[in-house]
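In: Let's see this in three dimensions:
(chains A, B, C and D)
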Number of protein chains: 4
Amino acid sequence: MAYSGDPIVAEELLFRPVHSLIDQSLHSKLGATTTNGDGFGIGWYSNGPEPAIYKNVDPAWNDENLREIAGRITTPLLFAHIRASTGTPVQRSNCHPFRHDNWLWMHNGALRGFHQIKRELLMAVDPSLFLDIEGSTDSEAFFFLALTFGLTEDPFGAVARAVGFVEKVGRQHDIEYPVQMTVATSDGESTWAFRYSSEHKSRSLFFSTEINALRKLHPEAEILKKAGDETRLIVSEPLGDLPGAWNEVPESAAGVVRPGTDDLRPFEPIAP
Amino acid sequence: MAYSGDPIVAEELLFRPVHSLIDQSLHSKLGATTTNGDGFGIGWYSNGPEPAIYKNVDPAWNDENLREIAGRITTPLLFAHIRASTGTPVQRSNCHPFRHDNWLWMHNGALRGFHQIKRELLMAVDPSLFLDIEGSTDSEAFFFLALTFGLTEDPFGAVARAVGFVEKVGRQHDIEYPVQMTVATSDGESTWAFRYSSEHKSRSLFFSTEINALRKLHPEAEILKKAGDETRLIVSEPLGDLPGAWNEVPESAAGVVRPGTDDLRPFEPIAP
Amino acid sequence: MAYSGDPIVAEELLFRPVHSLIDQSLHSKLGATTTNGDGFGIGWYSNGPEPAIYKNVDPAWNDENLREIAGRITTPLLFAHIRASTGTPVQRSNCHPFRHDNWLWMHNGALRGFHQIKRELLMAVDPSLFLDIEGSTDSEAFFFLALTFGLTEDPFGAVARAVGFVEKVGRQHDIEYPVQMTVATSDGESTWAFRYSSEHKSRSLFFSTEINALRKLHPEAEILKKAGDETRLIVSEPLGDLPGAWNEVPESAAGVVRPGTDDLRPFEPIAP
Amino acid sequence: MAYSGDPIVAEELLFRPVHSLIDQSLHSKLGATTTNGDGFGIGWYSNGPEPAIYKNVDPAWNDENLREIAGRITTPLLFAHIRASTGTPVQRSNCHPFRHDNWLWMHNGALRGFHQIKRELLMAVDPSLFLDIEGSTDSEAFFFLALTFGLTEDPFGAVARAVGFVEKVGRQHDIEYPVQMTVATSDGESTWAFRYSSEHKSRSLFFSTEINALRKLHPEAEILKKAGDETRLIVSEPLGDLPGAWNEVPESAAGVVRPGTDDLRPFEPIAP
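Out: Have a look, this model is predicted:
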């Protein structure tokens, strides 16, 4: 989940809504795996350009410290992720979100056959960035490829080039569908989201309806009165059941949420 | 799960069978809670009268050390438990099986309203035993009540008296159905199992068919050729799908597995 | 360590000063045990009367989440504790500070022979409070005895009565010196500290010199310019080496830090 | 510590001797860092050519599961390691011993400036081996370089070539003393040990006197009567205080312990 908008207490997002993210750990209905108990992480921007991150391998529903902290964090931009490992070890350095300078990154899905292509992918990461890779996941490697291809300058293009590169290397290794992804990434002010897979059957991704429009739809709903005007959520699975609240991001699409005009556009890999 | 029989490598029981105990963590179909990810524990007898225990709060499916150890433990009697917390903290001292001298104990279910009656229950534990209580669960308190009521001398009677006592105290506190339980307990040679609930709708409990009978039913099944003649399993949910392999323990019943004659009988609390 | 004063970022207290609390984990020179690696906890007041707590069994120096959070917590009153277990399990519920409603409690030392007198001490805890005991330490039992004896109304008296009670029970069990303690406790506005032991050879406890006086002593010291006027620290071991900054709490003494006049007075147990 | 000899219960090695390895965690007098609380690992050979490993980030002295298991492991060859991190994350995949097929590897010391040269070192690892690197330590990279340079065929030569390579790359990056090491590695039958540093001031390494000779020295010592004739220990710091029991491995030396003749020889890097 990626939240941006008026400053909000993290507890509201993580523990309050029906089918909150914590409950999602248990029941992940639209997710690819039965249960997501391989770690949890949140990243949030508060004071200063760099975000803080709290990550843990323990399942979110058991993390008493998380509950304590969530009530004391107020932030205008928060990422939250529940991990279902696709093979790499369960350790804090392999939990999302990943951070580099003022950027956060979360990835649901997989770079298939990662074990076979890992060396090539890592060798393509810029040497000055390579030093900062902490863990062993495909998701983190993907992040660092995107950084190498210019994420901080042109996020849409960088991710397209990263995907194009992974697809090329993957196919050289006889991997038919190298990339399955939904990605959220932010620099602290804007949040970019991507939905794409090589097989064109991508995991789910939703964004919330603009708040004023939603208030007109549901004038009685308490939860909307509390929400700030700039509230925007990007989620893997809808939170709650309010009709009209959620919009599916189309296949092969990408968007950006920022103060002012948001943007949704087609997404296509750029082959190297 | 409680295994007794010829010495077996723990890995065979924990990781091999279809719908193994580790997979049960994820999908617990017959269990009361959606997922059992609040800890895992095994206890086993090898050298000497006292069993060893390995317990961990991390979900079983992520525990690499468990996989390592399971391949190196050979034992004729092993208990394995997956915890779904009913309120008390997730910590190693609250994981099953519990141990006292040469006895092991596992309990699925709950002593309802435990928070209200905890003090009375603990006060009823024999002072010499009280010192050995390590955690804060209802299941451990239940074990120590059974010990107080003579578990080491007369397991059937002790558990009946413990249940009777908890029901009495519970009803004094307006708790309608104080006890929900399946219990397995062992002294290293025999294993006792119990299925009972105050509401007479108890969690599931199965025992395996005697091996020779099962071989006659399924002469081709590989897994049965490997199993020793004395193999007996007591489980919450059947492992595998072999027809005729599993027999449900009736409501309000108790039994014992031991070298020689096993025994299955009705179970009724003994009120204090 | 107990800090009270102007709101401060937790990172300043935990990680910055020479011989900071985190470094204290490693080198605890004045502490009774060689290294304090059995858990770490912080409690802090920010929004609302109840404090938040972050506790972990991992050694503080390895806790990346702690570093992350410390930079994002601003608080006028913070407790921080490093645990050296005196026998009870290392688990989050056994880490300090302990919390009850708006009160925090930390205890360095031990109730000797606790294993023998535990049952009697717990039975003396008020039944309505008993339900809230989460762990198995002597320190938490001590807290709940103090609560039972009126901590929220009269902290000095309540702690004196609790110590008197423990000494009496201890001596009945032939424990020569039942109590060794430094204690810090707070209701969110004032902080009380105690230094006492039955053998009159107590662990160390220091309080910081009033800031204005300290600035006059050291007009050039940068760290003092940053500190707020109300800054007051109570510590087990001095932080840093600034001459005149630290004052030892005498043997058998207690004090309170509050906005306005602080107070330091002799401490004597009140026998039951 | 590396033990080889007659099968022994792991508990004897880890918990019994004066200044046992577990106590070494706390007081590491000859080690470079004050306390070694960043993880613990054991690897042992029992059934089959591949060793099992049990590793944990929790300090060894708090690991109840370790105590339980140690009493149930009987092995003729055991590696035990206590980690003091030199910068990389504290996580299970970064704990020693490292394993590859039937080989175990432990390294005390550091590859200095690892962060700068990491990419080059990893690029030099054979692609087929690269896939098996799990963590992010210099020690594991060193292991995989040794494997690349032929550890399984010629351990003395392979380690010499690995050190030579690291020293060359290090000096290209202006690292004056690239390598500080004591290393122990085994294939399940023989154990090789190395002591070397670029600055020729290496961490300590000791091997035990041959048992029969030691018995003649100390005819009364109980511990020697229990020890098997083939007992050989290689340790960072001596266990116990028995005069004549321990022999220091010289600077720039390497040796092998195997059934039959052991061997000690000078060690020199082989530059690429």
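
In: Going C-terminal from the lowest-mean-pLDDT helix or strand in chain A, what's the next secondary structure element?
Out: When each helix and strand of chain A is scored by mean pLDDT, DSSP states H and E, helix A:21-27 comes last, with a mean of 53. As assigned by DSSP states H and E, the chain's next helix or strand after helix A:21-27 is strand A:40-45.

In: What segments of the stretch 1-150 of chain A are helices?
Out: Applying DSSP state H, counting those that start in this stretch to the stretch 1-150 of chain A gives helices spanning A:10-15, A:21-27, A:64-70, A:114-124, A:127-130, A:138-148.

In: Who are the packing partners of the helix or strand just after the last one?
Out: When you say that, I think you mean helix A:138-148. Per DSSP H and E, helix A:138-148 leads on to helix A:155-172 as the next helix or strand towards the C-terminus. Packing partners of helix A:155-172 (3 or more CB pairs under 8 Å, 6 or more residues apart in numbering or on different chains; DSSP states H and E): helix A:114-124, helix A:138-148, strand A:179-186, strand A:191-197, strand A:253-257. Quick note: C-beta positions are derived from backbone N, CA and C, even for glycine.

In: Name the residues that touch helix A:155-172?
Out: A:111-113, A:117, A:120-121, A:124, A:142, A:145-151, A:178-179, A:181, A:183, A:185, A:192, A:194, A:196, A:198, A:254, A:256, A:265, A:267-272 (CB atoms under 8 Å, 6 or more residues apart in numbering or on different chains).

In: do that again at 7 Å, thanks
Out: A:111-113, A:117, A:120-121, A:124, A:142, A:145-146, A:149-151, A:178-179, A:183, A:185, A:192, A:194, A:196, A:198, A:254, A:267-272 (CB atoms under 7 Å, 6 or more residues apart in numbering or on different chains).

In: Buried subset of these as a ChimeraX selection?
Out: Buried residues within the contacts of helix A:155-172, by 16 or more other CB atoms under 10 Å in any protein chain shown, are selected in ChimeraX with:
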select /A:111,112,113,117,120,121,124,142,145,146,149,151,178,179,183,185,192,194,196,198,254,267,269
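
In: Looking at the helices of the stretch 1-150 of chain A, spot the one closest to chain C.
Out: helix A:64-70 (4.6 Å; CB to the nearest CB).

In: I'd like the mean pLDDT over the closest one, please.
Out: Averaging pLDDT along helix A:64-70 yields 93.

In: Also stretch A:139-151?
Out: 98.

In: For it, output the C-alpha coordinates as CSV.
Out: This file holds the C-alpha atoms of stretch A:139-151, laid out as CSV (Å, rounded to 0.1, in the frame of the first residue of the first chain):
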residue,chain,number,x,y,z
SER,A,139,13.0,-7.0,-5.9
GLU,A,140,16.0,-5.2,-4.6
ALA,A,141,18.0,-6.0,-7.7
PHE,A,142,15.2,-4.6,-9.8
PHE,A,143,15.2,-1.4,-7.8
PHE,A,144,18.9,-1.0,-8.3
LEU,A,145,18.6,-1.6,-12.0
ALA,A,146,15.9,1.1,-12.1
LEU,A,147,18.2,3.4,-10.3
THR,A,148,21.0,2.6,-12.8
PHE,A,149,18.7,3.4,-15.7
GLY,A,150,17.8,6.8,-14.2
LEU,A,151,15.0,6.4,-11.8
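
In: if we look at that stretch, which residues are touching it?
Out: Residues contacting stretch A:139-151 (CB under 7 Å, 6+ apart): A:96, A:98, A:100, A:103, A:105, A:107, A:111, A:118, A:121-122, A:124-126, A:129, A:133, A:157-159, A:161-162, A:165, A:185.

In: And it, how far out from the chain middle?
Out: 14 Å (CA atoms, centre = their mean, to the nearest Å).

In: Find the nearest non-adjacent residue to the one residue in the stretch 1-150 of chain A that gets nearest to chain D, please.
Out: Going by CB to the nearest CB, chain D is nearest to residue A:91 of the stretch 1-150 of chain A, at 4.0 Å. Distances taken as CB to CB, 6 or more residues apart in numbering or on different chains place residue D:91 nearest to residue A:91, at 4.0 Å, with adjacent residues excluded.

In: Against residue A:156, how distant is the nearest residue to residue A:255 once chain neighbours are set aside?
Out: In space, and not counting its chain neighbours, residue A:255 is closest to residue A:264: 4.0 Å by CB to CB, 6+ apart. Residue A:264 sits 11 Å away from residue A:156, going by CB to CB, to the nearest Å.

In: now residue A:201
Out: 22 Å.

In: how many neighbours does residue A:143 have?
Out: Applying other CB atoms under 10 Å in any protein chain shown, we find 30 residues neighbouring residue A:143.

In: Apologies, that question was intended for residue A:47.
Out: Residue A:47 has 11 neighbouring residues, counting by other CB under 10 Å.

In: For the nearest residue in space to it that is not next to it in sequence, grab the count of nearby residues.
Out: In space, and not counting its chain neighbours, residue A:47 is closest to residue C:72: 7.0 Å by CB to CB, 6+ apart. Burial of residue C:72 is recorded as 21 neighbouring residues (other CB under 10 Å).

In: do residue A:244 as well
Out: Residue A:244: 11 neighbours (other CB under 10 Å).

In: For it, report the pLDDT, please.
Out: Taking residue A:244 on its own, its pLDDT is 85.

In: Please apply the same query to the one 3 residues further on.
Out: At residue A:247 the predicted local distance difference test score is 92.

In: Listing request: residues of chain A with sub-threshold pLDDT.
Out: A:17-36, A:223 (pLDDT under 70).

In: Enumerate the residues of it near chain C.
Out: Within chain A, the residues that sit near chain C (CB under 7 Å from any CB of the partner chain) are A:46-47, A:52-56, A:64-65, A:68-69, A:71-73, A:92.

In: what does chain A put close to chain D?
Out: A:89, A:91-93, A:115, A:118-119, A:123, A:127, A:130-131, A:134, A:136.

In: Considering these, which is situated nearest to residue B:211?
Out: Distance to residue B:211, by CB to CB, is smallest for residue A:89 among those, at 38.7 Å.

In: My guess is the closest one contacts residue A:135. True?
Out: No. Here residue A:89 lies out of contact with residue A:135, judged by CB atoms under 7 Å, at a distance of 8.3 Å.

In: The residue located most distally from the centre of chain A and residue A:245: what is the separation?
Out: Going by CA atoms, centre = their mean, the residue of chain A most distant from its centre is residue A:220, 31.0 Å out. For residue A:220, the distance to residue A:245 equals 14 Å [CB to CB].

In: Is residue A:230 in contact with residue A:5, as I believe?
Out: Yes. Taking contacts as CB under 7 Å, residue A:230 lies within contact range of residue A:5: 4.1 Å.

In: Those two: which has the busier surroundings?
Out: residue A:5 (19 against 15).

In: Now do the contacts for that one.
Out: A:76, A:228, A:230-232.

In: ok, 10 Å please
Out: The contact partners of residue A:5, by CB atoms under 10 Å, 6 or more residues apart in numbering or on different chains, come to A:76-78, A:208, A:211, A:227-233, A:257, A:259.

In: If any of those are buried, put those into a ChimeraX selection.
Out: Burial among the contacts of residue A:5 is assessed by 16+ other CB under 10 Å; the matching ChimeraX selection reads:
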select /A:76,77,78,208,211,227,231,232,233,257
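
In: Among the contacts of residue A:5, which lie within helices?
Out: residue A:211 (DSSP state H).

In: between the contacts of residue A:5, which is closest to residue B:38?
Out: Of these, the one sitting nearest to residue B:38 (CB to CB) turns out to be residue A:78, at 26.3 Å.

In: That closest one is in contact with residue A:42, isn't it?
Out: Yes. Contact criterion CB atoms under 10 Å: residue A:78 and residue A:42 qualify, at 6.3 Å.

In: Overlap of the contact sets of those two?
Out: A:1, A:10, A:13-14, A:51, A:70, A:97, A:104.
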